[in-house]
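Enquirer: Following is a predicted model, sequence given first.
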Amino acid sequence: MQQNTPSNKMKNLHEIEDIIAKAIKKVGGRKENDLCRFIPMTSGGYMHHFTLKKLKVRSPEQLGSLIEKFIINTEKPSSVTPKSRAARGSRKKRDNLQFTRNQLERMLTIARMAGDKEMVAILAPKKSLASCKRDLISSIRHNRLEPDLWNAYVECMNSINNPQLSELASV
């Protein structure tokens, strides 16, 4: 069993540097990172350059054996195909419709005229607590009864998690 003394570490470092230099020359690269594309990984694709740096420091023997196996000891090293990844924007839902502000306002008006409270709740823009209070006070001053404003106010308060007002709303 060989101990990792400072002289052995230096020897390993020089050996791995020589192996890396030979491999770079063989693949026609200019730097260490050019070797990554020729070393396959078990998870698919080729080795990431961070992994190469980590192996160089932590396990130079393993890196040396990988480089020798896939680059130096092969007749003509072949580039590994990259790991397939999800396309950008693939997490976006394709069936979402984009409406202009005017179109949304027209749909909201139609829903209100039809008396469809569920659609009104979905289409109506969410008001801030301050604007709900202001509109509610204004409607009271003008002697208008607007249950939608009260519902919006209660919803704002519920989102703040105030249990006292939730009880008031249910009364």
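Expert: Okay, I see it.
Enquirer: So what's the residue count around Val80?
Expert: A count of neighbours around Val80, defined by other CB atoms under 10 Å, yields 17. C-beta coordinates here come from the backbone N, C-alpha and C atoms, glycine included.
Enquirer: That one: what's it in contact with?
Expert: For Val80, the contact set (CB atoms under 8 Å, 6 or more residues apart in numbering) comprises 37-40, 45-46.
Enquirer: Tell me if it really is in a strand.
Expert: No - counting by DSSP: H, G, I helix; E, B strand; the rest coil, Val80 is located in no strand; its state is coil.
Enquirer: Can you give me the distance of it to Lys56?
Expert: Plainly put, Val80 is 19 Å away from Lys56 if you go by CB to CB, to the nearest Å.
Enquirer: Likewise for Gly29?
Expert: 15 Å.
Enquirer: before we move on, what about Pro147?
Expert: Counting by CB to CB, the gap from Pro147 to Lys56 is 70 Å.
Enquirer: Between the two, tell me which one has more neighbours.
Expert: Lys56 (17 against 8).
Enquirer: Tell me who's in contact with the closest residue in space to the more buried one that isn't next to it in sequence.
Expert: Nearest residue to Lys56, sequence neighbours excluded (CB to CB, 6 or more residues apart in numbering): Leu63, at 5.5 Å. Applying CB under 8 Å, 6+ apart, we find Leu63 in contact with 16, 52, 55-56.
Enquirer: Is Ala86 in a helix, a strand, or coil?
Expert: Following three-state DSSP, we place Ala86 in the coil state.
Enquirer: number of nearby residues for it?
Expert: Ala86, neighbours per other CB under 10 Å, totals 7.
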